[in-house]
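>>> quick one: sequence and predicted model below, then my questions.
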Amino acid sequence: MANPRTEPADGALRPARQRRAELALLLASIGATFAALLSASLAVTDGVDTRVLVYGTVLGAGALALHVLMRFVAPYADPVLLPVATALSGLGITMIWALQMTRATAPGYSEADRQLMWTLVGMVLCAAAIAFVRQPRRLTMYTYLIALAALVLLLLPLSPLGHEVLGARRWIMLGPFTMQPSEFAKVLLVIFLASYLGRQRDVMALVTRTFRIGGVKVFSAPRARDLAPMAVGWGVAILLLVGTKDLGTSLLLFGTFLAVLYAATARKSWVLIGLVAFSAGAYVAYLVFGHVQNRVRIWLNAFDPEVYHSEGGSFQVVEGMIALAYGGLLGTGFHDGQAQNLFAADSDLILVSVGEKLGLTGLLAVLTLLLLFAQRALRVSLGCRDVFLKLTALGYGFITAFDVFIVLGGATLIIPLTGMTTPFLSAGGSALMANWLIVGLLLTISETARRPQESFSSGLAPSDPSTEVINVRDLPHGVRDR
């Protein structure tokens, strides 16, 4: 007969310590990173550049340090998330180094150095999340404070600190550094949505108005008073689109909002209302802003010679598609090809660079790793007993998958090019640090989900002010007996 203390119930994850499996996968990830770095060095410099050895060693040391921390702090955490994030970060550093060393003008490795530095900072944030967010359920105590912080981050680019690049105002200037606050805002927004919708989901799911034609149910819509969250989410997305002219971030955040809302309520009507509202707002922005019009014109007429040769035209996306085609099945190798001469080859078009240098085989391998990361986040979500943790993990998994769709869809003209970055791969500190912070939060959530039942509730009672659980063992003997 199964032991109720060790066997999973209600879809919960098996409470097993899997740090050995994580270590084996982590060593494989570090080995793959070294192999990629050495292959790139041999192809580009005809030898082994000591700098690539430093990259691999430092990245491996940081990942192993996180593994050791988890052995003591989060022994039941998911064993796949850290190795996958490490492998993706290592490949990102490899691609950035190779692209910089082979470009036609001013070759160098400064960007790869910065990418390694931001990766280490991200690992520190990951470690902080693991060490200090031991009971992620307690984040619900600060729901509206987290929402306020996320809103401030989203609006910072509209302040005097804002910095505009190519029509989009998504950065702020802090001395010699630029930062993209929306990358950190998305981490906080998922927590806010999971906390708020976790409490309101019953009302929003059950209390609806049904529209019928001839006695046949056609559509179920929420009450007007329950549309406030949708209105706020739509307003923030459109404000971002109008104020920063950043279609990608607006699409990512509102798509995540709809995904978490649907997961909480299981109401398709919410998704339909949200899509209609966002489409209407985006169309108005298209009519008002030339930057959005230009992106749509490039999307619809990329191969038109007039659009191709115009200022801010379709040169970037067309050349990127040619690079993908030139990569073929096995790629051109790190030294050959022309992707390194494309604008934003190491950031917005990093997947195009992977497709050219490593071919369709390498691109599919990278996409599989990204899909695996999202899948593990969704698996953690399914195993969580707590609704807040379930929705939080789902939100982070959806952000990763939808972000990849936006990037690759823009590069292949499925949707307009938005200038978004690929998780863990693209050059830039803000996105990299935010994604490593997501890794830390997912690990601590998975630790809570996998923890054995007897210790699972110990963090919620009696000292946690977010519950009203009373530990009867702490009561006086007379009261306890009664």
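Happy to help now that I have it. Note that the structure is predicted; figures quoted are calculated from it, not measured.

>>> return the helix or strand in this structure with minimum mean pLDDT.
The weakest-scoring helix or strand in the chain, judged by mean pLDDT, DSSP states H and E, is helix 453-456 (a mean of 50).

>>> low-scoring stretches of the stretch 101-250 of the chain, by residue?
106, 163, 165-169, 203-230, 233-234, 238, 241-245 (pLDDT under 70).

>>> strands along that one, start to end?
Along the stretch 101-250 of the chain, the segments classed as strands by DSSP state E, counting those that start in this stretch run 162-165, 168-174, 177-179, 208-213, 216-222.

>>> look up how far Ile30 lies from the nearest residue to Glu319 once chain neighbours are set aside.
Taking C-beta to C-beta, 6 or more residues apart in numbering as the measure, Glu319 lies nearest to Leu342, with 5.6 Å between them; neighbours along the chain are not counted. Where you see a C-beta, it was placed from the backbone N, CA and C, and this is true even at glycine. Distance, Leu342 to Ile30, using C-beta to C-beta, to the nearest Å: 30 Å.

>>> give me the element the closest residue to Ala259 other than its chain neighbours is part of.
Spatial nearest neighbour of Ala259, chain neighbours left out: Phe398 (4.4 Å); criterion: C-beta to C-beta, 6+ apart. For Phe398, the host element (DSSP states H and E) is helix 387-411.

>>> return the set of buried residues in that helix.
Within helix 387-411, the residues that count as buried by 16 or more other C-beta atoms under 10 Å are 387-411.

>>> Asp348 is in contact with the residue nearest to Glu319, correct?
No - using C-beta atoms under 8 Å, Leu342 is not in contact with Asp348; the gap is 9.3 Å.

>>> who has more neighbours out of these two?
Asp348 (26 against 22; other C-beta atoms under 10 Å).

>>> what's the neighbour count on the residue nearest to that one when sequence neighbours are not counted?
In this structure, Asp348 finds its nearest non-sequential neighbour in Gly419, 5.1 Å apart by C-beta to C-beta, 6+ apart. Other residues lying near Gly419 total 22 when counted by other C-beta under 10 Å.

>>> equivalent analysis for Ala302, please.
18.

>>> which residues sit in contact with it?
The neighbours of Ala302, taking C-beta atoms under 8 Å, 6 or more residues apart in numbering as the test, are 308, 314, 317-318, 413.

>>> spatially central, which residue of the chain would that be?
For the chain, Thr400 is the residue whose C-alpha lies nearest the centre (C-alpha atoms, centre = their mean; 3.8 Å).

>>> sorry, back to before: following the chain onward from the helix holding Phe398, which element is next?
Past helix 387-411, heading to the C-terminal end, the next element that is a helix or strand (DSSP H and E) is helix 429-450.

>>> Glu306 is in what secondary structure piece?
Glu306 is part of helix 305-309 when elements are defined by DSSP H and E.

>>> that helix: which residues count as buried?
If you call a residue buried by 16+ other C-beta under 10 Å, then helix 305-309 has these buried ones: 307-308.

>>> against which helices or strands is that helix packed?
helix 315-327 (3 or more C-beta pairs under 8 Å, 6 or more residues apart in numbering; DSSP states H and E).

>>> go again with 7 Å.
Secondary structure elements in contact with helix 305-309, counted by 3 or more C-beta pairs under 7 Å, 6 or more residues apart in numbering; DSSP states H and E, are absent; no helix or strand qualifies.

>>> let me see the mean pLDDT of that helix.
Rounded to a whole number, the mean pLDDT of helix 305-309 is 89.

>>> just the C-alphas of that helix, formatted as CSV.
C-alpha atoms of helix 305-309 as CSV (Å, rounded to 0.1, in the frame of the first residue of the first chain):
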residue,chain,number,x,y,z
PRO,A,305,12.4,47.1,-53.4
GLU,A,306,11.0,50.4,-52.2
VAL,A,307,10.4,49.2,-48.7
TYR,A,308,13.7,47.3,-48.7
HIS,A,309,15.8,50.4,-49.6
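
>>> list the contacts of it.
Residues outside helix 305-309 that contact it (C-beta atoms under 7 Å, 6 or more residues apart in numbering) are 297-298, 301, 313-315, 318.

>>> can I get the buried part of these as one PyMOL selection?
Buried residues within the contacts of helix 305-309, as defined by 16+ other C-beta under 10 Å, are selected in PyMOL through the command that follows:
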select buried, resi 297+298+313+314+315+318
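
>>> closest to Asn435 among the contacts of helix 305-309?
When the contacts of helix 305-309 are ranked by distance to Asn435 (C-beta to C-beta), Ile298 comes first, at 27.6 Å.

>>> next, the angle helix 315-327 makes with the helix or strand containing the closest one.
Here Ile298 is covered by helix 290-300, with elements defined by DSSP H and E. With axes from the mean of the first three to the mean of the last three C-alpha atoms, to 10 degrees applied, the angle from helix 290-300 to helix 315-327 works out at 30 degrees.

>>> can you list the buried residues in helix 290-300?
Judged by neighbour count (16+ other C-beta under 10 Å), helix 290-300 contains these buried residues: 291-292, 294-295, 297-299.

>>> then stretch 194-204?
For stretch 194-204, burial by neighbour count (16+ other C-beta under 10 Å) applies to 194-198, 201, 204.

>>> so which of the residues you listed is the closest to Phe72?
Comparing these against Phe72 with C-beta to C-beta places Ala194 closest, at 27.4 Å.

>>> show me what counts as buried in the lengthiest helix in the chain.
Assignment by DSSP state H gives helix 350-383 as the longest helix of the chain. Using 16+ other C-beta under 10 Å as the test for burial, helix 350-383 gives 350-359, 362-363, 366-367, 369-370, 372-381, 383.

>>> other SSEs contacting it?
In this structure, helix 350-383 packs against helix 81-102, helix 315-327, helix 387-411, helix 429-450, with contacts taken as 3+ C-beta pairs under 7 Å, 6+ apart.
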